[in-house]
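Colleague: from the sequence below, what's the structure:
(one chain, ligands or ions: 2)
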Amino acid sequence: MKKISLIVPCYNEETCLPAFDREISKVVEGMQGYEFEILYVNDGSKDNTLKEIRQISERRGYVRYLSFSRNFGKEAAMYAGFCNATGDYVAVMDADLQDPPGLLPDMVKILEEGEYDSVATRRVNRAGEPPIRSFFAKMFYKLINKISDADIVDGARDYRLMKREMVDVIVAMGERNRFSKGIFGWIGFRTYWYAFENVERAAGETKWSFWKLLKYSIDGIVSFSQAPLNIASWIGVLCTGISAIAIIFIIVRKLIFGDDVQGWASNMCVMIFIGGVQLFCLGVIGQYLGKTYAETKKRPHYIVSECSDSQIKKIG
Ligand code: UDP
Ligand code: MG
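Modeller: Ligands and ions are numbered 1, 2, ... in the order given. The predicted structure is shown next:
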């Protein structure tokens, strides 16, 4: 009998969990012939999420859980899930029912046909999302696909069912600065894209503020592209070229018209502009250096303070 593991990252989801448990148990009961493991990852929630998870795990034999010592972020929660999932098929599923559990039987069927190694989901619209957020998200996907070799589909969710082979590769990719959508695309394998209409959050609020998303998108770009570094060096080349032309122009002008002290304002403008460009490029390098620093420290991705069984890896 094949085993399906579902990883559910939870951060302050006490209001969503009862509904999620109800929905997912329906799916589990409907899929006879498969063994299930639902792995809740409590990502340092400040509400009663852990209590809810404990209760669910007492009620249902197929539920396991681990709870982080603090909030490590969704990426760490997913990684902890992948490290501890034991299924032949593994999927990540949000606790807010935005990743419809009802799609799971279809997804499993597609994998069983043997043509694909993973079934990824993508929402075809962003109904219910603030337009400004949708706009920036679209721009981000366009940009990252242009400048990196991580093949990321617009509207892609982290909800995807993968075969064990793929999960093993993901676990082996132990990078600290994680951007899962990029990792999924980067490792390759044959992926089927399953489109669905956007579903709004069942309860509670999104955990992603605009700034958090901006930071996450910079993480994504720095993880998968060196284009910003190249752009910085090209800006350097361009500025050097312009200044060479300017120098020649000034020398020739002096030789022809003599020396007159003029152009204070334009001088200051150029200085401030060049200073700005330099700081910007230093900042770009700093982004990469900072990530490199984090990687070299090799700190764990997550620390578990409580878990359902002794099989769970406590530090990973
Ligand atoms: N999440 C998490 N840690 C965090 C933030 C979010 O584990 O620091 C979980 C959250 O509980 C949910 C999923 O990640 O199950 C997606 O979060 P959310 O619904 O807030 O994101 P959105 O759907 O708005 O992009
Ligand atoms: Mg959500």
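Colleague: in the stretch 1-150 of the chain, which spans are strands?
Modeller: Listed in chain order, the strands found in the stretch 1-150 of the chain under DSSP state E, counting those that start in this stretch are 2-10, 34-42, 63-68, 89-92, 118-123.
Colleague: would you turn the ones you listed into JSON lines with mean neighbour count and mean pLDDT?
Modeller: No exception for glycine: its C-beta is placed from N, CA and C like everyone else's. What follows is the strands of the stretch 1-150 of the chain, written out as JSON lines (neighbours: other C-beta atoms under 10 Å; pLDDT from 0 to 100):
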{"stretch": "strand 2-10", "mean neighbour count": "23", "mean pLDDT": "97"}
{"stretch": "strand 34-42", "mean neighbour count": "23", "mean pLDDT": "96"}
{"stretch": "strand 63-68", "mean neighbour count": "23", "mean pLDDT": "97"}
{"stretch": "strand 89-92", "mean neighbour count": "26", "mean pLDDT": "97"}
{"stretch": "strand 118-123", "mean neighbour count": "21", "mean pLDDT": "94"}
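Colleague: out of those strands, nearest to Gly286?
Modeller: Comparing these against Gly286 with C-beta to C-beta, the closest turns out to be strand 63-68 (28.6 Å).
Colleague: and the angle from the closest one to strand 34-42?
Modeller: For strand 63-68 and strand 34-42, the angle between their directions (axes from the mean of the first three to the mean of the last three C-alpha atoms, to 10 degrees) works out to 20 degrees.
Colleague: each with direction, which strands does strand 63-68 pair with?
Modeller: In the sheet containing strand 63-68, its partner strands are strand 34-42 (parallel), strand 304-307 (antiparallel), by DSSP bridges.
Colleague: tabulate the CA atom coordinates of it in CSV.
Modeller: Output in CSV follows, covering the C-alpha atoms of strand 63-68 (Å, rounded to 0.1, in the frame of the first residue of the first chain):
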residue,chain,number,x,y,z
VAL,A,63,-1.5,12.6,12.4
ARG,A,64,2.0,13.4,13.5
TYR,A,65,3.3,16.8,14.5
LEU,A,66,6.4,18.8,15.4
SER,A,67,6.6,22.2,17.0
PHE,A,68,9.4,24.7,16.5
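Colleague: hmm, it touching ligand 1?
Modeller: No - contact check for strand 63-68 against ligand 1, using C-beta under 6 Å from any ligand atom: none in range, with a minimum separation of 8.9 Å.
Colleague: so which of the strands paired with strand 63-68 is nearest ligand 1?
Modeller: strand 34-42 (6.7 Å; C-beta to the nearest ligand atom).
Colleague: export the strands paired with strand 63-68 as CSV, with columns for distance to ligand 1.
Modeller: Output for the strands paired with strand 63-68, formatted as CSV (distance: least, C-beta to the nearest ligand atom, whole Å):
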stretch, distance to ligand 1
strand 34-42, 7
strand 304-307, 14
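Colleague: output those strands in JSON lines; the columns should cover distance to Glu200.
Modeller: Formatted as JSON lines, those follow (distance: least, C-beta to C-beta, whole Å):
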{"stretch": "strand 34-42", "distance to Glu200": "22"}
{"stretch": "strand 304-307", "distance to Glu200": "31"}
